[in-house]
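J.: Quick one, structure for this:
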Amino acid sequence: MRRIDFYRVKRRDNLGDPDFWNKRLEDIDLRLAANEQKLTLIDQVAARSEAAALSRINDVLTPLAAEAQDRLTRVATLFEATSDSEVTLSEGPKQFIIPVGQRLTFAPLAYVIAFPTGDLSRYMTGRVESYNHNSGVLQLDAMRAAGEGTFSDWQITPMAFASELEVLASDVSADAQAVSEDRAAVLGFRNAAQDARDEAVSARVGSEAARDLTQARYTSFSEMYRGPLSEDPSDGFEGAFYFNTSQQMARIRGALTWAPMFSISLGGIRQGEIVATAAQTVLVVGDFTFMNIWKDGVKLRPGVDFTLSSPNVTLTTPATGGEVFSYLGYYGTDATDFYTKAQADAAFYPRSLANETFYSIVAANAAFYSRASIDETVDGLNTAIEGKQAASSTLTLWASIDPASKANVTATNLKWQGAGFTVSTAAPSGGADGDFWFRREA
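T.: Modelled structure (predicted):
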């Protein structure tokens, strides 16, 4: 309903009075609110109407559409059926029982083919004698059979025309064999493809893992190895290394300095015990390269409880007296502390006797000298003192090694242990340590 008279401005109205406008605006607001409420009710009614319509469609039209679609899709199956009857594959009368769920819709044609499910190489073709929709009994006159055996899982499908029965049966058999062979080939290809895929996936995973490991190791190595340098770098972290081109050796960074990566140390274990006196701070244990210290069986901490400076161990806290300090360490020495083979040979190997001459006086009255040159072995000495004497001869030997004169010396102090025995074929009786005798050759 219109309310223009209420809103109309009249002469002498105070347009600056707020109440003049407020009551008109309030009326407009109330009318708009009422209309909006009615619109809300209308929307709710429309929504309920739409829901009711959709529900009616779902309840009525959707089942009808589904039924129609199902009927259309089942047209092709009206002429096919299965059977669990145990039937021997051969020519002649056959009876199949169609399952309950298929009896009413199954409409067999005049000629059908029956074969074990999944095996088209075995089959029977024939004419349908009768079929009962209520009992599901199908009577078949098998006119041709391919293969042999008794089965209880059958597939029954229609044949087109009786005149083409033989041709179709032959074609079905050939097609079944071809399908079987193709299926086997496809399965083989599929299995091979799956194996190849699995191997490729495995190889890819392995190669990715090897790649990641190689990359990680390369990154770690590139961070550690500084490359060839002529001198120690001014920086570096513990474990880093480089090849010193001046010294031709690999050097590695320790906690504070660079050192050879490999060194040769010849030494051994140094261990022992020291009973400390009161206020003692320095334990003298001897030269060492590394040392562990125990106080009354409790291991002390290097750098905290003691410091090392070979040959001394300095205690951080002076001893009270009577404590037993055990030490166990390693003393490494340089190779220069030892003889080389050449140095050892020069120091300890017997000097050459090649230029020395041995003299001996043979027979009691110094009848003649026997002289021979020695060649670094005692064989030469044996040659020098060998002699053949008569049975009654007496042999006395004086050995002289006088590099200056090569002359024979007959002083008794050079006589070999004072030995003087009669030459005999048997060992003499008596004698002292160091005496020797000459056996006469017969």
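J.: Please count neighbours and contacts with C-alpha atoms only from this point.
T.: Fine.
J.: just for this protein, where's the confidence low?
T.: Low-confidence segments of the chain, defined by pLDDT under 70, are located at 1, 61, 64-77, 160-173, 263-267, 332-340, 347-442.
J.: show me where it has helices.
T.: 4-7, 18-56, 62-73, 100-103, 165-224, 341-348, 378-385 (DSSP state H).
J.: Can you lay out the ones you listed as CSV showing mean neighbour count?
T.: Conversion of these to CSV gives the following (neighbours: other C-alpha atoms under 10 Å):
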stretch, mean neighbour count
helix 4-7, 10
helix 18-56, 12
helix 62-73, 12
helix 100-103, 15
helix 165-224, 13
helix 341-348, 10
helix 378-385, 15
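J.: Nearest approach to Asp296 belongs to which of the ones you listed?
T.: helix 165-224 (42.3 Å; C-alpha to C-alpha).
J.: Which residues outside stretch 310-326 are in contact with it?
T.: Residues external to stretch 310-326 that are found in contact with it (C-alpha atoms under 8 Å, 6 or more residues apart in numbering): 271-289, 293-297, 304-308.
J.: Keeping just the C-alphas, turn that stretch into PDB.
T.: As requested, the backbone C-alpha atoms of stretch 310-326 are provided in PDB (Å, rounded to 0.1, in the frame of the first residue of the first chain):
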ATOM      1  CA  SER A 310     108.600 -35.500  27.500                       C
ATOM      2  CA  PRO A 311     110.200 -36.700  29.800                       C
ATOM      3  CA  ASN A 312     108.100 -35.100  32.400                       C
ATOM      4  CA  VAL A 313     104.500 -35.300  33.600                       C
ATOM      5  CA  THR A 314     103.400 -32.100  35.400                       C
ATOM      6  CA  LEU A 315     100.400 -32.500  37.800                       C
ATOM      7  CA  THR A 316      97.900 -29.700  38.000                       C
ATOM      8  CA  THR A 317      97.300 -30.300  41.700                       C
ATOM      9  CA  PRO A 318     100.400 -31.200  43.800                       C
ATOM     10  CA  ALA A 319     100.500 -34.700  45.300                       C
ATOM     11  CA  THR A 320      99.700 -35.000  49.100                       C
ATOM     12  CA  GLY A 321     102.300 -37.800  49.400                       C
ATOM     13  CA  GLY A 322     101.900 -41.600  49.100                       C
ATOM     14  CA  GLU A 323      99.800 -41.600  46.000                       C
ATOM     15  CA  VAL A 324     100.700 -44.200  43.400                       C
ATOM     16  CA  PHE A 325     100.900 -42.800  39.900                       C
ATOM     17  CA  SER A 326     100.900 -45.400  37.200                       C
END
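J.: All further residue positions should be reported with the first residue as 59.
T.: That works, and once the first residue is 59, the last one we named lands at stretch 368-384.
J.: What residues of it count as buried?
T.: Asn370, Val371, Thr372, Leu373, Ala377, Val382, Phe383, Ser384 (16 or more other C-alpha atoms under 10 Å).
J.: nearest residue to the last one other than its sequence neighbours?
T.: The reference is to Ser384. In this structure, Ser384 finds its nearest non-sequential neighbour in Glu331, 4.3 Å apart by C-alpha to C-alpha, 6 or more residues apart in numbering.
J.: Distance check, the one you found against Leu341.
T.: 10 Å (C-alpha to C-alpha, to the nearest Å).
J.: the more surrounded of those two?
T.: Leu341 (18 against 15; other C-alpha atoms under 10 Å).
J.: what sits against the more buried one?
T.: Shown here is Leu341, whose contacts under the criterion C-alpha under 8 Å, 6+ apart are Ile332, Asn370, Val371, Thr372, Leu373.
J.: Bridged to the first one, which residues?
T.: What that stands for is Ile332. Ile332 has the following beta-bridge partners by DSSP bridges: Phe383.
J.: residue contacts, it?
T.: The contact partners of Ile332, by C-alpha under 8 Å, 6+ apart, come to Leu341, Val382, Phe383, Ser384.
J.: Could you rerun that using 7 Å?
T.: For Ile332, the residues meeting the contact criterion (C-alpha atoms under 7 Å, 6 or more residues apart in numbering) are Val382, Phe383, Ser384.
J.: Closest one of those residues to Phe247?
T.: Of all the contacts of Ile332, Phe247 sits closest to Ser384, with 77.4 Å by C-alpha to C-alpha.
J.: Arg66 versus the closest one, what's the distance?
T.: Using C-alpha to C-alpha, which is the criterion applied here, Ser384 is 118 Å from Arg66.
J.: Closest one to Thr215 out of the buried residues of stretch 368-384, please.
T.: Closest to Thr215 out of those is Ser384 (101.3 Å), distances taken as C-alpha to C-alpha.
J.: Okay, the closest one and Trp352: tell me how far apart.
T.: Distance, Ser384 to Trp352, using C-alpha to C-alpha: 5 Å.
J.: so who does the residue lying closest to Phe299 once chain neighbours are set aside touch?
T.: With C-alpha to C-alpha, 6+ apart as the measure, Ile310 is the residue that lies nearest to Phe299, at 4.1 Å, once sequence neighbours are left out. Remark: with contacts taken as C-alpha under 7 Å, 6+ apart, Ile310 is in contact with Gly297, Ala298, Phe299, Tyr300, Trp316, Ala317, Pro318, Met319.
J.: Now which of those would you call buried?
T.: By the neighbour-count criterion of 16+ other C-alpha under 10 Å, the contacts of Ile310 include these buried positions: Ala298, Phe299, Tyr300, Trp316, Pro318.
J.: JSON lines please, covering the residues you listed and showing distance to Ala104.
T.: Written out in JSON lines, the entries for the buried ones among the contacts of Ile310 read as follows (distance: C-alpha to C-alpha, whole Å):
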{"residue": "Ala298", "distance to Ala104": "82"}
{"residue": "Phe299", "distance to Ala104": "85"}
{"residue": "Tyr300", "distance to Ala104": "86"}
{"residue": "Trp316", "distance to Ala104": "90"}
{"residue": "Pro318", "distance to Ala104": "93"}
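J.: among those residues, which are in strands?
T.: Among these, the subset assigned to strands under DSSP state E consists of Phe299, Tyr300, Trp316, Pro318.
J.: Make JSON lines out of the residues you listed and add distance to Gln213.
T.: Conversion of these to JSON lines gives the following (distance: C-alpha to C-alpha, whole Å):
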{"residue": "Phe299", "distance to Gln213": "80"}
{"residue": "Tyr300", "distance to Gln213": "81"}
{"residue": "Trp316", "distance to Gln213": "88"}
{"residue": "Pro318", "distance to Gln213": "87"}
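J.: Can you get me a residue count around Pro174?
T.: For Pro174, the neighbour count with other C-alpha under 10 Å is 22.
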